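**Student:** below: sequence and its predicted model.
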Amino acid sequence: MESYSKMNRSNSMAWLPLAPRGADDGRMHPPIRHLILGDGVIGRASAQALRALGHEATLASRTARDEAGHLQLDARDPAALARALQGHSHLHLTLGLPYRASVWERDWPRIMQGAIDAALAHGARLLWFDNLYAYGPLPLAVPMREDHPLAPPSRKGRVREGLIGQLQRAGEQRGLRWLVARSADFYGPRAHLSLLYASALQRQLQGRTAFWLGDPDRRHSFTYTLDAARALALLALDEGAWQQSWHLPTASPAPTARALLAESARLLGLAPRLHALPAALVRLAGPLHPMLREVGEMLYQNQQDYVFCSDKFMDRYPDFRITPYTQGLAATLASFAPGGDPALG
């Protein structure tokens, strides 16, 4: 059996973005300055991809970091954001907020409006890393494409739908150059906040039974974080990508959660043990456990086939290599193992 450490090393060269069909490679353009709000796994990997192309990328977050290329900045402060964006051509929103609908309703519209105003003030482009919460009604289409209706069945989804409206209105009425890049549930090296890691992989790494919220025999797509970052760099540098939404490249066919976690167990040399937590049980416990209540409103995504289609992206960038699930799982597990490569996060 091939070890996950060996498989992880085999993906170390798949970093440089590729040009779209009929477009110039990003390396042929003069350096562009990018400000990335959010220094989590997506923000950091995006900065790495852009720097590999010779562009300047500054990461910004509320937490101070003693490292080069990092700026302490509260995205909720529009004046501070406008000052920080001066001299930059691109503003990337990859940040996350505490997973509470009330916090999203309070802070996200304010952050988006501040980002829009700052981008317009400096002639910058605005790229937003989004999820699928705005899609609806139920059941979700199979597969989900960029033209999926926006009719979210959750509070958090309605917040995301409102943000899309803010971007579109700013584009139509004020000339904002905007782009929305969506991923399915993500996984990848050091992605400790991902659903897959928090509910299952973390427990497998401890030799325990994996948990899954919902039906483990439904198909479920996952986007690999390093693929998402390479794709974000591609889109940011592509003149033809703006004023529209994109699904980030995601491996196909979508596996069931049971099959995916059986593969991660195999890579770890474990028996494929899985305990499914029914949605009804999660909702019943919600009043006593606030986080379960927040997760509960999104469980419809795990109760049906959740299949993500990135054909539009692949049609434009046909040479892009999507990481297979087995290879992505291997790299993810290796990053959390003792002595795992911190550069992967």
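**Tutor:** Happy to help now that I have it.
**Student:** what sits against residue 220?
**Tutor:** Shown in contact with residue 220 (CB atoms under 8 Å, 6 or more residues apart in numbering): 185, 254, 255, 256, 257, 260, 302, 305, 306, 307. Yep, even glycine has a C-beta here, placed from its N, CA and C like the rest.
**Student:** near the fifth one, how many other residues are there?
**Tutor:** In this case it means residue 257. 27 (other CB atoms under 10 Å).
**Student:** kindly report the same for the last one.
**Tutor:** Applying other CB under 10 Å, we find 19 other residues in the vicinity of residue 307.
**Student:** if I pick it, what's in contact with it?
**Tutor:** Contacts of residue 307 (CB under 8 Å, 6+ apart): 142, 143, 144, 219, 220, 221, 254.
**Student:** look up the closest residue to it, ignoring the ones flanking it.
**Tutor:** Closest residue to residue 307 apart from its sequence neighbours, by CB to CB, 6 or more residues apart in numbering: residue 143 at 4.2 Å.
**Student:** and the gap between the one you found and residue 311?
**Tutor:** 9 Å (CB to CB, to the nearest Å).
**Student:** quick one, which of the two is more surrounded?
**Tutor:** Neighbours per residue (other CB under 10 Å) separate residue 143 from residue 311, with residue 143 holding more: 20 against 13.
**Student:** which ones are touching that one?
**Tutor:** Here residue 143 is in contact with 307, 308, 309 (criterion: CB under 8 Å, 6+ apart).
**Student:** same check, this time on residue 125
**Tutor:** Contact partners of residue 125, counting by CB under 8 Å, 6+ apart, are 89, 90, 91, 119, 177, 178, 179, 236, 242.
**Student:** follow-up on the earlier one: which one of the contacts of residue 220 sits in the busiest neighbourhood?
**Tutor:** residue 257 leads these on contacts (other CB under 10 Å) with 27 neighbours.
**Student:** quick check: closest non-adjacent residue to it.
**Tutor:** Nearest non-adjacent residue to residue 257 (CB to CB, 6+ apart): residue 216, at 4.3 Å.
**Student:** so residue 46 touches residue 36, yeah?
**Tutor:** Yes. Counting by CB atoms under 8 Å, residue 46 does reach residue 36; the two are 5.9 Å apart.
**Student:** between the two, which contacts overlap?
**Tutor:** Common neighbours of residue 46 and residue 36 (CB under 8 Å, 6+ apart) are 57, 92, 94.
**Student:** what's the closest of those residues to residue 189?
**Tutor:** residue 94 (15.8 Å; CB to CB).
**Student:** give me the distance between that closest one and residue 140.
**Tutor:** On the measure of CB to CB, residue 94 and residue 140 end up 24 Å apart.
**Student:** okay, those two: which has more neighbours?
**Tutor:** Per other CB under 10 Å, whichever of residue 94 and residue 140 has more neighbours is residue 94, with 25 against 20.
**Student:** ok, the more buried one touching residue 35?
**Tutor:** No. Using CB under 8 Å, residue 94 makes no contact with residue 35, being 10.9 Å away.
**Student:** tell me which residues touch residue 294, please.
**Tutor:** Here residue 294 is in contact with 99, 100, 101, 156 (CB under 8 Å, 6+ apart).
**Student:** save these as TSV, and put in pLDDT, neighbour count and secondary structure too.
**Tutor:** Below are those laid out as TSV (pLDDT from 0 to 100; neighbours: other CB atoms under 10 Å; DSSP: H, G, I helix; E, B strand; the rest coil):
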residue	pLDDT	neighbour count	secondary structure
99	94	14	coil
100	95	16	coil
101	96	16	helix
156	98	22	helix
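**Student:** among those residues, which one sits closest to residue 199?
**Tutor:** Looking across the contacts of residue 294 and measuring by CB to CB, the closest to residue 199 is residue 99, at 13.4 Å.
**Student:** how near is that closest one to residue 193?
**Tutor:** From residue 99 to residue 193 the distance is 9 Å (CB to CB).
**Student:** number of residues surrounding residue 87?
**Tutor:** Neighbour number of residue 87 under other CB under 10 Å is 10.
**Student:** can you tell me the closest non-neighbouring residue to residue 45?
**Tutor:** Nearest non-adjacent residue to residue 45, counting by CB to CB, 6+ apart: residue 229, 3.4 Å away.
**Student:** list the buried residues in the helix or strand harbouring the one you found.
**Tutor:** Here residue 229 sits within helix 225-236, counting by DSSP states H and E. For helix 225-236, burial by neighbour count (16 or more other CB atoms under 10 Å) applies to 225, 226, 227, 228, 229, 230, 231, 232, 233, 234, 235, 236.
**Student:** give me the packing partners of it, helices and strands only.
**Tutor:** helix 41-52, strand 90-93, strand 125-130, strand 178-182, strand 186-187 (3 or more CB pairs under 8 Å, 6 or more residues apart in numbering; DSSP states H and E).
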